[in-house]
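below is the structure, and that's it, no one-letter string:
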């Protein structure tokens, strides 16, 4: 639908309120999702680090047991949550762009902030993607350390591959997020491109 289709229409207050409620609900969903990201990643890591065969009272090296390979799921869990979080963020931005098209004062003010030198809205994507990057690098590091400790090749490769895939997913999702922001800026003339630094 072209931007001109909405340019002259005045939105009734109930529609504006409904869209604002949708933004608030999406923000709540995003916050809940990030909480569950932390819980799921911690639970899987705890499970992997806490399990050991009953015959061994000491911590088990992956060379002795493949139970710790469960920790390789953590970057995948983080990537999945990041993808859903990206969807929520884009939905919020689309609603904001729609409201700006109808000269919504608050959304226009928010857009000015997004284009400012110190964009206050960059912290959430930084936290989402940064935490996944750290987790992926840790899993990759575990694999590299394991290689030096003489772990079985399958364990080293599994840890390294999981970490590398996590890093690739973080980079791809961050790039996709930036592309969506740029797309919105191209589609809606009043939309400023957000500054790319914190």
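Sure thing, it's come through. Everything numeric here is computed off the predicted structure, so don't read it as measured data.

can you show me the helices along this structure?
4-7, 13-50, 73-101, 105-114, 123-148, 153-187 (DSSP state H).

looking at those, which is buried most?
Among the helices of the chain, helix 73-101 has the highest mean neighbour count (mean count of other C-beta atoms under 10 Å), at a mean of 19. Heads up, the C-betas are built off the backbone N, CA and C, glycines and all.

would you mind checking the average pLDDT for that helix?
Taken as a whole, helix 73-101 has a mean pLDDT of 91.

just stretch 44-51 next, same as before
81.

residues contacting that stretch, please?
With contact meaning C-beta atoms under 8 Å, 6 or more residues apart in numbering, stretch 44-51 is reached by 59, 67-71, 73-74, 77.

now render these as JSON lines, adding distance to residue 157.
Output for the contacts of stretch 44-51, formatted as JSON lines (distance: C-beta to C-beta, whole Å):
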{"residue": "59", "distance to residue 157": "21"}
{"residue": "67", "distance to residue 157": "17"}
{"residue": "68", "distance to residue 157": "14"}
{"residue": "69", "distance to residue 157": "11"}
{"residue": "70", "distance to residue 157": "16"}
{"residue": "71", "distance to residue 157": "14"}
{"residue": "73", "distance to residue 157": "15"}
{"residue": "74", "distance to residue 157": "17"}
{"residue": "77", "distance to residue 157": "20"}
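
quick check, nearest of those to residue 166?
Minimum distance to residue 166 across these is 8.0 Å, recorded for residue 74 (C-beta to C-beta).
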